[in-house]
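In: Dropping a prediction and its sequence here:
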Amino acid sequence: MVRVGATLLTVMALAACSPSTPSPGVTVSETPGHPPQTGALPGISDVPVAASPLTSTGWEVTVYYTAVAALHSGATQQVTGCPTIDCEKGRNQRDLGTFPASFVKAVKDEGTGRVTDGRYLNWSYDTGYWMDTAPRDTAGRALVPWVSAAADSDVLRTGTRFSVLRCGTASVTAAVCAKLKAPTWTIVDEFTPGMGGSKHVDVYIGEETGANFTGSDLYTTLEGATLSVLRA
């Protein structure tokens, strides 16, 4: 099954977000006895945190990751794009190098990949490919493994924090379920338009760890999951 990573919009400042209401079909209720979360993700310390969490059921939770060129082999593909993050699609295009074709595909699917010299080949629908010093979220900040997450902005706005309370109905190992439930995730990223949905979040789990990572237990999709949401 193909999962689609969040888009990387090459914007270097966080746009102001207007309040949004839950999408149709999203049921939320107060969760008594659950203390509010504190702390801040680097770069968004100014985003307010909700006073109390809400419980919401019926979510799809997918994962996205940073591809690693050294873990890919086979046919190669030349990539053209921008040499830095400061560019526009179709302008300042250069030869960025030749990489394994499977790696290039993973970068386009997931949004980011680390090449052998330590730089990152990133991709977004509005910019195409560019070279960078880090994997990026929608506002140009570095993605944080096991913290950063994506959603459509009209579903969960930037700065919203959530945790997975129940892994739902999907077939997932107990170890993976526990790993996805442990963090408090923060919405800092957005889906490529049309790839999200009213009850869909995408969580960033860092770099792939093996040559067949997409066949591993960790590359999973939770269906019918229950979230604890701390709205911004």
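Out: Alright, I've got the coordinates. Numbers count the residues shown, from 1 in each chain.

In: Look through the protein and tell me its longest strand.
Out: If you go by DSSP state E, the chain has its longest strand at strand 54-68.

In: Each with direction, which strands does it pair with?
Out: Each strand paired with strand 54-68, and its direction, by DSSP bridges: strand 28-30 (antiparallel), strand 112-114 (parallel), strand 200-207 (parallel), strand 221-230 (antiparallel).

In: Out of the ones you listed, which is closest to Arg161?
Out: The closest of the strands paired with strand 54-68 to Arg161 is strand 221-230. By C-beta to C-beta, the value is 4.2 Å. For every residue, glycine as well, the C-beta is placed using N, CA and C.

In: Which positions in that closest one come out as buried?
Out: Neighbour-count burial for strand 221-230, counted by 16 or more other C-beta atoms under 10 Å, picks out Thr221, Leu222, Glu223, Ala225, Thr226, Leu227, Ser228, Val229, Leu230.

In: hey, which helix or strand in the chain has the poorest pLDDT?
Out: Least confident element among the helices and strands of the chain, by mean pLDDT, DSSP states H and E: strand 28-30 (a mean of 35).

In: mind checking pLDDT for the nearest residue to Tyr120 once chain neighbours are set aside?
Out: In space, and not counting its chain neighbours, Tyr120 is closest to Asp132: 4.6 Å by C-beta to C-beta, 6 or more residues apart in numbering. At Asp132, the pLDDT value in this model is 97.

In: Asp132: what's it in contact with?
Out: Contacts for Asp132 (C-beta atoms under 8 Å, 6 or more residues apart in numbering) come out as Thr84, Ile85, Arg119, Tyr120, Leu121, Asn122.
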